[in-house]
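Undergrad: coords please:
(one chain, ligands or ions: 1)
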Amino acid sequence: MNNKLKLVFVSTPIGYLGSGRGGGVELTIISLIKGLIFLGHKIILVAPKGSKVFLESRNLEIILVDGIDQPSWQHQKKTDPVTIPSNSVLPKLWETVMDLENEYDAVINFAYDWLPLWLTKTKGIKIFHLISMGAESNVMKEIISEISHLFPLQLAFHTYIQSKDYSLKTDPIIVGNGFDKENYFFNENKNGPLGWAGRIAPEKGLEDAVKIASELGEKLLVWGLIEDKEYASNIENIFTKAIIEWKGFLPTSQFQEQLGHCRAFINTPKWNEAYGNVIVEALACGVPVIAYDLGGPGELIKDGLNGFLVQPNDFKGMIKATKSVSKIKRRNCRDWFEKNATNKVFAKRVENWINKGLNKNISEDFQN
Ligand code: UDP
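TA: Model prediction:
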């Protein structure tokens, strides 16, 4: 029996791959494509025009689709209805998939959007959904719960804690996430600066990390796409400008190189963080992570081994943990990453999930 799969990946409609507007999903998609191709599977990627993949393989076909970006759910009210802008790329991505006429085994949706979830009910295409956020909207919460009751094997989550936001029919399938270990270099330097990375938007809580650096009389290196300019300039106005060193939104090769010099990585989310790619990228470089125990960080950080977990908004706890960071062995951080979150182990978990959903005979191990 040929156990190699042909999978259609439908990218996020929030921005083209490489724009940064899609957040962590962008890197998740690229990493997973590489991991699944390594396992011998074939991928057709359907993504917004402008997407950059930087990967050539005869097992990868890319179809680019033009259209207007979708608004992201995390910046809307929980009660807002589904919006589809005029000339939106989202329905166009799915029209493209429908035109592919079942020349594949399954479709994996990476968009946190109502339309692809609802389309699962048409049964014409076997759609699997990797849910990338906690419940940021009522209408999304409802459709995810409905799909869980109809097709429980077709949903997967990054972490348990993320999945708890939803009312699910069965135990959630957890696939974690993963990144190409060849793209991250271990850095032994214990004496670098403090770092923070993420989309610059209120749910990421940058102000708390700046406050910690300010209290310690240090600089904070900040990487990421400025999604909310007003929010960024408000933070600059609260603190002395010299504390934040804006490093911009960099490609992974440069990002990891700079990140690796940090002595500690501070992560201060204000929402149920579904996973937290940047946490694992820091660990991959050997940088210990000090984070609020809110969402994904609680499953990625093993307190005392690869960083410290602190209760959300416990400012004193964050300061204490930052001062103790030299107790964490940087090698442990890299080791945790290599064992739990490379794109190869991630691809294996996704392969198991899809095979199970397609009723293929496989092992049951979905865990991190
Ligand atoms: N990132 C990047 N360059 C930078 C800073 C961040 O490519 O200079 C990427 C990072 O690799 C990660 C993403 O931005 O994949 C942020 O994802 P995360 O899961 O941390 O949060 P999200 O934005 O999805 O909420």
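
Undergrad: only C-alpha atoms for contact and neighbour calcs from this point on.
TA: Noted.

Undergrad: Which element is encountered next along the chain beyond the helix or strand bottoming out on mean pLDDT in the chain?
TA: Averaged element by element with mean pLDDT, DSSP states H and E, the chain has its least confident helix or strand at helix 229-238 (a mean of 94). If you walk from helix 229-238 toward the C-terminus, the next helix or strand you reach (DSSP states H and E) is strand 244-248.

Undergrad: if you average pLDDT over that next one, what comes out?
TA: Throughout strand 244-248, pLDDT has a mean value of 97.

Undergrad: Toward the C-terminus, what is the element adjacent to it?
TA: helix 252-259.

Undergrad: element containing the nearest residue to residue 298 once chain neighbours are set aside?
TA: If you skip the residues right next to it in sequence, residue 298 has residue 309 as its closest partner in space, 7.0 Å away by Cα to Cα, 6 or more residues apart in numbering. Taking DSSP H and E as the definition, residue 309 sits inside strand 307-310.

Undergrad: which outside residues touch that strand?
TA: When contacts are taken as Cα atoms under 8 Å, 6 or more residues apart in numbering, the neighbours of strand 307-310 outside the stretch itself are 288-293, 297-298, 301-303, 317-318, 321, 325, 328, 333.

Undergrad: So which bits of this protein are right by the ligand?
TA: Contact residues of the chain with respect to the ligand, defined by Cα under 6 Å from any ligand atom, are listed as 23-25, 27, 197-199, 223-224, 248-252, 255, 275-278.

Undergrad: check contacts around the residue most central in space within the chain.
TA: For the chain, the residue sitting closest to the mean C-alpha position, by Cα atoms, centre = their mean, is residue 24 at 3.5 Å. With contacts taken as Cα under 8 Å, 6+ apart, residue 24 has the following neighbours: 276, 277.

Undergrad: Please determine how far it is located from residue 199.
TA: Distance, residue 24 to residue 199, using Cα to Cα, to the nearest Å: 9 Å.

Undergrad: Tell me the span between the first and last residue of stretch 297-308.
TA: With Cα to Cα as the measure, stretch 297-308 spans 10 Å from end to end.

Undergrad: got it, and stretch 308-317?
TA: Between the opening and closing residues of stretch 308-317 we find a distance of 10 Å, counting by Cα to Cα.

Undergrad: Can you point out the buried residues in that stretch?
TA: Residues of stretch 308-317 classed as buried: 308, 309, 310, 312, 313, 315, 317 (neighbour count, 16 or more other Cα atoms under 10 Å).

Undergrad: Could you identify the most distant pair in those?
TA: Checking these against each other with Cα to Cα, the farthest-apart pair comes out as 308 and 313, at 14.1 Å.

Undergrad: what sits up against stretch 106-125?
TA: By Cα under 8 Å, 6+ apart, the residues outside stretch 106-125 that reach it are 6-13, 25, 29, 73, 82, 91, 94, 98, 102, 126-133, 139-140, 143-144, 147, 354.

Undergrad: tell me how far it is from the chain's mean position?
TA: Put simply, stretch 106-125 sits 19 Å off its chain's centre (Cα atoms, centre = their mean, to the nearest Å).

Undergrad: again with stretch 73-85
TA: 20 Å.

Undergrad: which residues of the stretch 201-350 of the chain score low on pLDDT?
TA: Scanning the stretch 201-350 of the chain for pLDDT under 70 picks out nothing.

Undergrad: now the helices: where do they sit in it?
TA: Taking DSSP state H, counting those that start in this stretch as the criterion, the stretch 201-350 of the chain contains helices spanning 206-216, 229-238, 252-259, 277-284, 297-300, 315-323, 330-340, 343-357.

Undergrad: can you give me the end-to-end distance of stretch 212-232?
TA: For stretch 212-232, the first and last residues are 17 Å from each other (Cα to Cα).

Undergrad: buried stuff in that stretch?
TA: 212-214, 219-227, 231-232.

Undergrad: before we move on, what about stretch 66-80?
TA: 66, 67, 68, 69, 70, 71, 72, 73, 74.

Undergrad: can you name the two of these that are farthest apart?
TA: Farthest pair in those (Cα to Cα) is 66 and 74. Separation: 23.4 Å.
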